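> From the sequence below, what's the structure:
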Amino acid sequence: MSNQDSSKDLDGLLVVTVEQAVAAPYTSCRLADAGARVIKIERPEGDFARNYDSNALGNSAYFVWLNRGKESVSLDLKNEKDFILFKNIISKADILIQNLAPGAFERLGLDLKELRNQYPRLITCSISGFGDDGPYKNQKAYDMLIQAETGVIDITGHPDKDGFDGRAKVGPSVCDISAGMTAYQAILQALIKRGVSGKGRHISVSMFNSLADWMNPFYLGYVYNQKTPKRNGMTHPIIVPYGAFACKDNLTILIAIQNDREWVNLCKIVLEDETMAHDSRFKTNSDRVSNRTLTEKIIQDKFLKFEREELISKLEKASVAYGRISDMEQLKNHPQNNFLEVDTKKGVVKVLGPGAIHDNYLPKVNKMPELDEHGKLIRAEFGS
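Residues are numbered from 1 along each chain as shown. This next block holds a predicted model:
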């Protein structure tokens, strides 16, 4: 184990963020986890995400998740005294983040280019729905709307059937999260370059482009090979078997066959019918795609004879990839979970930990701030 604590990687950096909802708070949360001091500017009524729900010991689940380790100061940026305080904080900041509605930051009388001219080391990051240019640049943007605009909704869900629209949005806020992740990595890149050049830069992050980037395999297939992606639910358009099957105990298991060697193993060890591996209807993946319905029915009939854990033992022996469909109770108890404990005024909330762990260290998380909790100290420190 390293003696270096990754929770202090960005120690000494000051981040000021005028943020709301999910995308920018995700970015600044990751910076706080890495040791940066993050001052969150909230409007007098607070970030509206504080009131999304009351599911985490009376706190908003979104707010607890994304605002740990930050300092909160409530400012009315249309008030001259508060505006001066804000500019004083910027003058000492390394990074300025904002994701206000289109044009709102500029209407406050702030020009990001002028700020960088005044403070050459400053890194500025704006997160918006559609970016700084283009005909949609002033359009309001929320997660589901961007999922729709990028085509994500059109390829997600089940095929239309009997007049039923099978399209569905992705459950988690993938648009907000992809934009937050994109902003975080871009800020780290800018910090690395600043360490060489001594100069900051402006980063414009578009929620649309962040999520559209994830659509490239479908986009390229359509543009260059006229392949229109189809909604397949939990199946795969060009791989069989690949999908969900019911078990004897009413639980569900997913399997994914990636090559014909795995198919032979599945037939021999799990389906207990080695002749099926060499049957001309099923021998290759192309054969199985052509006979999808029959292939999946044979597998399903066999799987219904076993409880899920029995099937998992067989699949492990056959080296066939599988996955359990977890409900919230099963996710809560999943053995691969790691957790962070976030202090709140109403008690300690255990949140699921991040995907990246540095030298076996999880971030040393501080509490979730109450609205304007650090206002008095910040005013004293940065007041003119």
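
> domain ranges for the protein?
For the chain, the domain assignment from automatic domain parsing gives the residue ranges 6-215+338-382, 242-331.

> Out of the ones you listed, which is the most enclosed?
Among the domains of the chain, domain 6-215+338-382 has the highest mean neighbour count (mean count of other CB atoms under 10 Å), at a mean of 18. Using the backbone N, CA and C atoms, a C-beta is placed for each residue, glycine as well.

> what's the span of it from first residue to last?
Distance between the two ends of domain 6-215+338-382: 28 Å, counting by CA to CA, to the nearest Å.

> For that domain, what is the distance to the chain centroid?
12 Å (CA atoms, centre = their mean, to the nearest Å).

> And the domains of the chain: which comes nearest residue 227?
Nearest to residue 227 among the domains of the chain is domain 6-215+338-382 (11.6 Å), distances taken as CB to CB.

> as a whole number, average confidence for the closest one?
The average pLDDT for domain 6-215+338-382 rounds to 93.

> sorry, back to before: out of the domains of the chain, flag the one nearest residue 225.
Residue 225 lies closest to domain 6-215+338-382 among these, at 15.1 Å (CB to CB).

> before we move on, back to that, mind putting the domains of the chain into CSV with distance to residue 221?
Output for the domains of the chain, formatted as CSV (distance: least, CB to CB, whole Å):
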stretch, distance to residue 221
domain 6-215+338-382, 10
domain 242-331, 16
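
> quick one, which of these is nearest to residue 222?
Using CB to CB as the measure, domain 6-215+338-382 is the one of the domains of the chain that comes nearest residue 222, at 9.3 Å.

> how about the residue of the chain most remote from its centre, what does it touch?
Using CA atoms, centre = their mean, the residue of the chain lying farthest from its centre is residue 275. It sits 44.3 Å away. The contact partners of residue 275, by CB atoms under 8 Å, 6 or more residues apart in numbering, come to residue 267.

> same thing with residue 308?
By CB under 8 Å, 6+ apart, residue 308 lies in contact with 247-249, 251-253, 324.

> okay, stretch 348-355 in CSV with CA atoms only?
Extracted in CSV, the C-alpha atoms of stretch 348-355 (Å, rounded to 0.1, in the frame of the first residue of the first chain):
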residue,chain,number,x,y,z
VAL,A,348,-24.4,9.7,8.5
VAL,A,349,-25.4,8.6,5.0
LYS,A,350,-23.6,5.7,3.3
VAL,A,351,-23.2,6.4,-0.4
LEU,A,352,-21.9,3.9,-3.0
GLY,A,353,-18.2,4.6,-3.5
PRO,A,354,-16.5,5.8,-6.7
GLY,A,355,-15.3,3.5,-9.5
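
> contacts for that stretch?
Outside of stretch 348-355, the residues within contact range by CB under 8 Å, 6+ apart are 30, 33, 56-57, 59, 64-65, 68, 337-342, 362-363, 368.

> From those, which land in helices?
Mapping the contacts of stretch 348-355 onto helices (DSSP state H) picks out 30, 33, 64-65.

> ok, of these, which one's closest to residue 347?
Using CB to CB, residue 64 is the member of the ones in helices among the contacts of stretch 348-355 that sits closest to residue 347, with 10.6 Å.

> which residues touch that closest one?
By CB under 8 Å, 6+ apart, the contact set of residue 64 is 56, 342, 344, 349, 351, 368.

> And it, how far from residue 184?
Distance of residue 64 to residue 184, computed by CB to CB, to the nearest Å: 19 Å.

> now residue 223
Where residue 184 is concerned, residue 223 sits at a distance of 29 Å (CB to CB).

> where exactly do the strands run in the protein?
14-18, 37-42, 71-74, 95-98, 123-128, 202-206, 242-246, 252-256, 321-324, 339-344, 347-352 (DSSP state E).

> related to what we said a few turns ago, which two of the ones in helices among the contacts of stretch 348-355 have the greatest separation?
Taking every pair in those and measuring CB to CB, the maximum separation is 15.3 Å, between 30 and 64.

> on that earlier part again, is it possible to get JSON lines of the ones in helices among the contacts of stretch 348-355 that adds distance to residue 271?
Formatted as JSON lines, those follow (distance: CB to CB, whole Å):
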{"residue": "30", "distance to residue 271": "45"}
{"residue": "33", "distance to residue 271": "46"}
{"residue": "64", "distance to residue 271": "46"}
{"residue": "65", "distance to residue 271": "43"}
